[in-house]
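Colleague: how would this look folded up:
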Amino acid sequence: DIEAKNKKGANSAKETYLLSGLIYYSKCGGAMTGTRKFAGRNKSLYVSYECSTRKRTKTCDMKAINKNYVEGLVIDHLEKNIFSPKAIERLVAKISEYAASQNAEISRDIKVFTDQLAGVQTQINNIVNAIAAGMFHPSMKEKMDEIEAKKVNLTIKLEEAKLQAQMHAPTEDMIRKYLQKDADIKNKSPEEQKRIIRAYVKKVIVYDDKVDIDTIVTFDGGGEGNRTPVRKSVN
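Modeller: As a prediction, this is how the structure comes out:
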């Protein structure tokens, strides 16, 4: 009949669980997994996240939490604390500060490698001059091979440091545009919402009376952690 067909169609529909791999229950530490089931007198469809420990071993008393409810909490949290104009400007300043500190450290590495390379080149020049002056000794070849290998190693390290310096130098405008491109998260497709959540959310922990959302913002290796409890009743 029509009702049976509708139920079959709803049961076979594919859900996009935005928090898969990110959501955990506080008591047992178990991951929560997306679940679809029909229940109640009218066999209504319920889509939720359930504790995997409870499903697997029956040793946890965690009740399922409504999928749309908890995903909505996370999206609202990101919209307010990451993507609002005020939050974006705050993060731009923090990420810029972090990038500057990283660049300062990389600059110190570049100077160290450059100075060491200069010292190695001086050693090479001294051996070459000694050989040219007729003071060759068999041990000089072994020493030269050792120094040349050190020179190659330092050259590679120096080039890597210079490349890192370029990667850790985003402008404030670059950071701002990076954050703003996902600011309309509520209007994105479920697949895009899932991508954005994975980029900014480290962990979601469900308690009996609240949900904690642990976010982390990254940009070319820089980051800023932000953990905020969202106190809501769990239905």
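
Colleague: Now do the buried residues in stretch 135-152.
Modeller: The neighbour-count check on stretch 135-152 (16 or more other Cβ atoms under 10 Å) flags 147, 150-151 as buried. For the C-beta atoms, the positions are set from N, CA and C on the backbone; glycine is no exception.

Colleague: hang on, residue 91 packs against residue 178?
Modeller: No. In this structure, residue 91 is not within contact of residue 178 by Cβ atoms under 8 Å, at 9.7 Å.

Colleague: what touches both of the two?
Modeller: Taking Cβ atoms under 8 Å, 6 or more residues apart in numbering as the contact criterion, residue 91 and residue 178 have no common neighbours.

Colleague: rewinding a little: return the subset of the buried residues of stretch 135-152 lying in helices.
Modeller: Applying DSSP state H to the buried residues of stretch 135-152, the entries found in helices are 147, 150-151.

Colleague: Which member of these is positioned nearest residue 54?
Modeller: Out of those, the one with the shortest distance to residue 54 is residue 150. That distance is 58.9 Å, counting by Cβ to Cβ.

Colleague: Would you mind naming the helix or strand containing the nearest residue to the closest one once chain neighbours are set aside?
Modeller: In this structure, residue 150 finds its nearest non-sequential neighbour in residue 120, 5.5 Å apart by Cβ to Cβ, 6 or more residues apart in numbering. Assessed by DSSP states H and E, residue 120 sits inside helix 85-132.

Colleague: what's the spacing between residue 88 and residue 174?
Modeller: Per Cβ to Cβ, to the nearest Å, residue 88 is found 13 Å from residue 174.
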